[in-house]
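Peer 1: Dropping a prediction and its sequence here:
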Amino acid sequence: MVLKRKGDDAEEMTSRERKKLKVAGARTIAVQPSVSTSGSGAVQSSGNALAGPSSTTVRFDSMQGLPASIDVERFTEARAYEIDAMQKAIKTAGESVTHRVWQTLPRHLRRRAASHDVRRVPLRLRDKARAEMVPVTRRILKRGHSKRGKTKQVSRTESLLKRQRDKTWLETHIWHAKRMKMENMWGYRLAVTPTEKSFRPSHRASMHGSILHDSSYHSLIELKGPENILRSVLDFCCDPQCTGMKRSMSGARVLETDLYKPGSYPFDLVAPVMIMWQPLPVGNASAPTNASPADGSSKRRRKRKKNVLADTAQQSPARTVWVRSHPAVFDDIFAALQGSASLVLDAEKQRHKDVHAEVEIADLRGSVNTFEIMGPKSSQVIKGALSSVLDDDRQEFKKFWPSLSELQTTASLPRGIVIGMKVVDPRLKFPPKNAKVRTDGQHLAAPVMTFPAAILAQSEIWDEEKRSVLKKPTYKKKDLDERRSKNLVPGTPLKPIRQDDRIPLLLIQRSLESPNSTHGIHGWTLIFPAGWGMPFLPSLIHTGTRVGGQRERSTQAFEAGTAYFPRDFPCTEFYEKYWDELAVKEKAKWTRTPPAKRANYKKLGTRSPWRADWEVVLGLPVAPGVDENLVPAQREPQDAMEVDKAPTVRPWVLRGPEVPTILEKAIQTLNHGVGLLAEINRLRTKRGMDVLDPSYRPEDLLKGALVMVRLKMVSRGAPNDLAIIYRVDDVEAKKIIQLNGKTHADANEPPEVAPPHTSIIGYVTTGNMSLSRGEGFAIGAVPVSVQLELQQQARRNGESRPLVKIRDRAGMVCRAAYLDLLDS
């Protein structure tokens, strides 16, 4: 039988046409037919009356033509047909609707159970949703009274606190739990990623819009004491390469650096930290200087110098420092600061026995909230959502705040600048509107240049009493709604009154960028007192700002080309714990997968598929529990007696802004280990620490050193996490250059065997397709000795960057990549 083509049967309508005709008929309001008599006496009906101009002229500017009275009964009887037609049309139109109430909502307001649970629908639509339900379901959903007595009933607050016994909720937890996937992490219940598809939209928001992340879970430690003592405490445990310590002491900037165990640099890296100094009150000097005015006698100058050194601790002003770090390493950071303070105070007592000094260390977790707002529109979001108080008399702030909306990006501001201010309750002007960039004709207005200043960083958030007073907002949302309902014009913002809260906060410029990179992401860090998480959140996200979780935050660091803790920090304690937990999850998932659907790592020749074996890469003794068949990448023939006498090599990672300079000086020396040791001792001496113990041999120091690198693919390919980095010899490097990045493994068929284990020089800690670059990108680590060899090889081949090969742990194809220092 030959099938009919579409259009052969013109009388048959499609289902869509029938549905459209049905809806149109249901929405048609019947019109009373016009009745007329013909000459023969028959009654003719024309069906529905046609719309058109009326023959009766009605003037609205006079009372002429209107009846003096109206008979309601006769008037209703005359309009009976029209009233009945309207009621039937309303009924049929409601019955023929093709969308339920929950289907009319935008996607971000839809809930999974909204089709059968009216409580999942907004309040304004619940009556309509209840009418759409079948009577049986409606009866089931009726809430019954609790069978418990009044004395046994548990309040909502008690039930929520009971669920926080083994973890801590953020103030915005309930808002996040409705929209994101939640997991227990580091003692908190944190959002991992939104439930909706948002990977690319979140990236676009960070590059072209704005995205918010609630980072209130970060730990905060407060140190109080004399300025010189605090400076010595931080110098003794922070990275000696950081150059902004003296600059940040005014409080106008923050300092981002790495923290080590006291006096252990370059070993025992703990975690990266952010250091904030409270600015001194206006009019106070920062610190007494040891320079005395010119005197005629050298003896008098020497005597005055001794007096100044002896009274330094007494004259040094009392300062406050905040140290902000990752929550997982809070105990290690606290112990490091405590140990450093003890060593510094002991040294100070021996130097000045008659001077008493002390350092107070306090835990401020839960005392403040922190929002990270990233993206070029973050300044406009903050300016539109927050309103500063009118009684701020600082001229610097009066110049900065109006120009905030004109910032195209916070990259134009000095790095780490701190802005202290006080704002009114953001709920008063809800819903907010984003500030718009002002234009002068066709060109954008140039923002006012803002420079760091201690007076600009002044804020009352440092005062513990002010924070405790603001722990709970004075007015609840219902109180503000009641005030808003009394406005004559609906939607007008509320005017602040004397009883309204004034909230102190800190605005800190935040940048995720690597040196000599154009893929940085910039924004603000907003710090405000605890108890104001939910009053601030709706105002900041109302105008389209996306909200991200842990995945979005780590993706921002990857796209910016910066290391993310703890994922990219080998040789740290929490790095090992992080990858051990991840290895257990991935191995359990791999075990559940059928053998035909999972990678055969043994056949692929992957030595360590679950975690990076840095000990084997560095040529160190294999730890217990590691596969004994692993072959060290740096093998040195030694006798049995030499192995027993050899000192233990400690693995460590070389980080900091001076890494390129340190490696360049080390490569110029005949013995690279001696040059590296000399540079490490120079940095330790600069911070007042002793040189490394003579038992550390230069070759052992060089053998255990790792350096972070970034990898850019030569042609195609995108490496994944735990991809293996292989060495390339001179012959293969020249072939890669000639073939424009195509290695021998880039053929249609993969190679039969993987490269030998002896050519493994490192691992990728984070790898993926970079959306901002449009190509594969990765961050990893290699030994310092291998990095020096690769730099020499690149110079021999006339290349500016070394070449390596990368192979995924579940693949056989090796692809060429350029290797650069992460800190260069």
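Peer 2: That came through fine. Numbers count the residues shown, from 1 in each chain.
Peer 1: C-alpha only now, for contacts and for neighbours.
Peer 2: Fine.
Peer 1: Arg107: neighbour count?
Peer 2: Using other Cα atoms under 10 Å, Arg107 has 10 other residues around it.
Peer 1: Also Thr157?
Peer 2: 8.
Peer 1: how close does it sit to Lys433?
Peer 2: Plainly put, Thr157 is 33 Å away from Lys433 if you go by Cα to Cα, to the nearest Å.
Peer 1: same deal with Ser468?
Peer 2: In this structure, Ser468 and Lys433 are 31 Å apart, going by Cα to Cα.
Peer 1: Looking at those two, which is more packed in?
Peer 2: Comparing Ser468 with Lys433 by neighbour count (other Cα under 10 Å), the higher total belongs to Lys433, at 17 against 13.
Peer 1: quick one: contacts for the more buried one?
Peer 2: 381, 384-385, 543 (Cα atoms under 8 Å, 6 or more residues apart in numbering).
Peer 1: Looking at neighbours, which among these is most surrounded?
Peer 2: Highest count within the contacts of Lys433 by other Cα under 10 Å belongs to Val381, 27 neighbours.
Peer 1: Residues contacting the helix or strand that contains that residue, please?
Peer 2: Taking DSSP states H and E as the criterion, Val381 maps to helix 378-385. Contact with helix 378-385 is made by 209-211, 401, 404-407, 409-410, 426, 429-430, 432-437, 523-524, 539-540, 543, 545, as judged by Cα under 8 Å, 6+ apart.
Peer 1: Same question for stretch 567-578.
Peer 2: When contacts are defined by Cα under 8 Å, 6+ apart, stretch 567-578 is touched by residues 268-271, 328-329, 563, 565-566, 579, 651-653, 765-766, 779-780.
Peer 1: For stretch 191-201, buried residues please.
Peer 2: Residues 191-194 are the ones in stretch 191-201 that count as buried (16 or more other Cα atoms under 10 Å).
Peer 1: mean confidence for that stretch?
Peer 2: For stretch 191-201, mean pLDDT is 93.
Peer 1: Distance from that stretch to the middle of the chain?
Peer 2: In terms of Cα atoms, centre = their mean, to the nearest Å, the centre of stretch 191-201 is found 12 Å from the chain centre.
Peer 1: can you tell me the distance between the two ends of it?
Peer 2: Stretch 191-201 end-to-end distance (Cα to Cα) = 17 Å.
Peer 1: Tell me where the stretch 451-600 of the chain is predicted with low confidence.
Peer 2: Under the criterion pLDDT under 70, no range of the stretch 451-600 of the chain is flagged.
Peer 1: the strands in it, which residues?
Peer 2: Taking DSSP state E, counting those that start in this stretch as the criterion, the stretch 451-600 of the chain contains strands spanning 502-512, 521-529, 546-547.
Peer 1: what do you get for the stretch 651-800 of the chain?
Peer 2: 652-654, 705-713, 724-726, 760-770, 775-783.
Peer 1: need those strands in CSV with mean pLDDT, can you?
Peer 2: Below are the strands of the stretch 651-800 of the chain laid out as CSV (pLDDT from 0 to 100):
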stretch, mean pLDDT
strand 652-654, 95
strand 705-713, 95
strand 724-726, 95
strand 760-770, 95
strand 775-783, 96
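Peer 1: would you turn these into TSV with distance to Pro201 and mean neighbour count?
Peer 2: Listed next are the strands of the stretch 651-800 of the chain as TSV, based on distance: least, Cα to Cα, whole Å; neighbours: other Cα atoms under 10 Å:
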stretch	distance to Pro201	mean neighbour count
strand 652-654	35	21
strand 705-713	24	24
strand 724-726	31	25
strand 760-770	14	22
strand 775-783	18	24
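Peer 1: Nothing else from me, thank you.
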